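Asks: Predicted model follows, preceded by the sequence.
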Amino acid sequence: MNLNDKVSDVCIDGNWLWPVHIVQKIGDLLVYPNHVLRDEERDRLYWKTRLDKLCDFSTSGVWDDIRAFRDEVSWHRVIWFSQNIPRHSFICWVAINCKLSTQDRLERWDVPCGSVCCLCDKVKESHDHLLIGCSYAKSVWRWFRGKAGLDGIIDRIEHGHSQWNDVINAMAGTVCNKGVWSIIIRLVFVAVIYFLWQERNARTFRNDVSSHEVIAKRIYEVVRLRLMGLQVKKSMQSQSAAKVWHFNFDDGGGTHLSV
Ligand SMILES: [Zn+2]
């Protein structure tokens with residue numbers, strides 16, 4: 001066979017004559033009906049979906065066919081949205097699934113490690129403690145009071161009655177749309193999780209310590225830079241956000257740095 005051969009070239013008098021090495025790889029070739037082949041027509045490439053429907057090939061279509069389907073989770077819009085910061089969302093997704101390698105999990109695998117949280121040196125490290133229960137984490141969350149529309153969530157964290165799952169459920173209940181405050185709430189929430197995990201790793205592996213204020217300001221700058229890259233329509237909501245997050249509106253309707 002060569003590149004110019006057509007499918008009809010391997011069908012003689014109604015019998016398939018596929019090269020043996022190809023049939024050995026794709027045995028199903030012999031069972032396909034060949035009576036519809038016509039010499040005068042060009043070959044066309046189709047993708048057969050898992051529902052047996054023939055359609056044009058596309059990467060997204062193939063992905064939908066081979067991926068596993070699960071029930072939709074209530075929190076998916078909290079972390080997956082077009083204005084997100086992907087590396088932040090990824091770590092938050094791992095955290096929501098309680099799969100960060102915190103010390104309580106490592107102990108279960110018999111991995112030798114310290115037992116107390118390196119952010120406060122007091123309490124055993126777990127998702128609940130590291131992300132919302134730790135005094136260091138609480139200080140970072142508190143820094144965003146009045147700045148990110150997260151005060152209800154921060155109240156839960158401050159009072160210490162909530163567990164990590166409760167906080168996720170509360171976040172899932174917030175409005176997730178294209179409004180600027182909805183974007184800010186989610187950007188900050190996801191960024192705080194990411195930077196707490198980064199700080200934990202910096203202390204654990206590099207002995208590199210930053211104060212909660214340094215981390216909070218770093219988060220503020222990252223979120224502000226992300227907001228500056230968005231096209232935000234001028235409105236009462238976005239003007240109030242611009243005051244807190246220090247961006248101005250340019251003539252084209254987008255945002256740029258306030259000087
Ligand atoms: Zn701690």
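Replies: Okay, I see it. Since the structure is predicted, the reported quantities are computational estimates derived from the model, not experimental observations.
Asks: For R77, which residues are in contact?
Replies: 172, 176, 186 (Cβ atoms under 8 Å, 6 or more residues apart in numbering). Glycine gets a C-beta too; all of them are placed from N, C-alpha and C.
Asks: Lowest-confidence entry in the residues you listed?
Replies: When these are compared on pLDDT, C176 comes out lowest, with 85.
Asks: Name the next helix or strand downstream of the biggest helix by length in the chain, please.
Replies: In terms of residue count, the longest helix belonging to the chain (DSSP state H) is helix 180-206. Downstream of helix 180-206, the first helix or strand assigned by DSSP states H and E is helix 212-228.
Asks: Give me the buried positions along that next one.
Replies: 212, 215-216, 219-220, 222-224, 226-228 (16 or more other Cβ atoms under 10 Å).
Asks: Same list (those residues) but as CSV, adding pLDDT and distance to R156.
Replies: Formatted as CSV, the buried residues of helix 212-228 follow (pLDDT from 0 to 100; distance: Cβ to Cβ, whole Å):
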residue, pLDDT, distance to R156
H212, 97, 18
I215, 98, 20
A216, 98, 18
I219, 98, 19
Y220, 97, 21
V222, 97, 24
V223, 96, 21
R224, 95, 25
R226, 94, 25
L227, 92, 25
M228, 89, 30
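Asks: Make sure A242 is actually in contact with N248.
Replies: Yes: the pair A242 / N248 is scored as a contact, 6.5 Å apart, by Cβ atoms under 8 Å.
Asks: Show me which of the two is the more surrounded one.
Replies: Per other Cβ atoms under 10 Å, whichever of A242 and N248 has more neighbours is A242, with 18 against 11.
Asks: quick one: the more buried one from F57, how far?
Replies: Counting by Cβ to Cβ, to the nearest Å, the gap from A242 to F57 is 45 Å.
Asks: Break the chain into its domains for me.
Replies: Per the record, the chain has its domains at 7-66, 76-257, by automatic domain parsing.
Asks: Can you tell me which of these is most buried?
Replies: Ranked by mean neighbour count, these are led by domain 76-257 with a mean of 17 (mean count of other Cβ atoms under 10 Å).
Asks: mind listing the helices for this structure?
Replies: Going by DSSP H, the chain shows helices at 20-25, 59-66, 76-79, 86-96, 103-108, 127-128, 135-143, 151-159, 164-172, 180-206, 212-228, 236-245.
Asks: correct me, but R203 touches W197?
Replies: No: here R203 does not reach W197: they are 11.1 Å apart, not a contact under Cβ under 8 Å.
Asks: Any stretches of this structure with poor pLDDT?
Replies: For the chain, residues meeting the criterion pLDDT under 70 lie at 111-114, 249-259.
Asks: Get me the contact residues on the stretch 101-250 of the chain for the ion.
Replies: 117, 119-120, 134 (Cβ under 5 Å from the ion).
Asks: Same list (those residues) but as a markdown table, adding distance to W80.
Replies: As requested, those are exported to a markdown table (distance: Cβ to Cβ, whole Å):
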| residue | distance to W80 |
| --- | --- |
| C117 | 29 |
| L119 | 27 |
| C120 | 31 |
| C134 | 26 |
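Asks: In strands, which of those residues fall?
Replies: Residues of those located in strands (DSSP state E): none.
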